[in-house]
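Colleague: pasting the sequence and the predicted coordinates here, then a few questions.
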Amino acid sequence: MTIEQIVEETRLWPADTVAELIDRITLAKHGGLAPDREAAWAEVAARRSAEIDSGSEKLIPGEEVSARIRRIVGR
């Protein structure tokens, strides 16, 4: 399969399956994290996800973030 075919195929998959594939590819290529760091990142991810789900944290669209950065750096 070509990369384009793989990308097209994965568009039909559930998001959690695509995320798992990305995690596996990343870990295979980069060797993964030490177990203590992996556990720490999992805790951070779970906490942030809960904050977003509860509404205590608000997501900011990427376009807005980029516009803020451009204003700060003067571009």
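Modeller: Received the coordinates, thanks. Numbers count the residues shown, from 1 in each chain.

Colleague: in terms of contact, does Glu51 touch Lys58 like I think?
Modeller: No - contact criterion CB atoms under 8 Å: Glu51 and Lys58 do not qualify, at 9.5 Å. C-beta here means a position set from N, CA and C on the backbone, and glycine is covered the same way.

Colleague: more neighbours: those two, which one.
Modeller: Glu51 (12 against 7; other CB atoms under 10 Å).

Colleague: so for the helix or strand where Ile22 lies, what's the average pLDDT?
Modeller: In the assignment (DSSP states H and E), Ile22 maps to helix 15-30. When pLDDT is averaged over helix 15-30, the result is 83.

Colleague: kindly check the end-to-end length of stretch 25-38 for me.
Modeller: 16 Å (CA to CA, to the nearest Å).

Colleague: how far away is Arg37 from Asp16?
Modeller: From Arg37 across to Asp16, the span is 22 Å (CB to CB, to the nearest Å).
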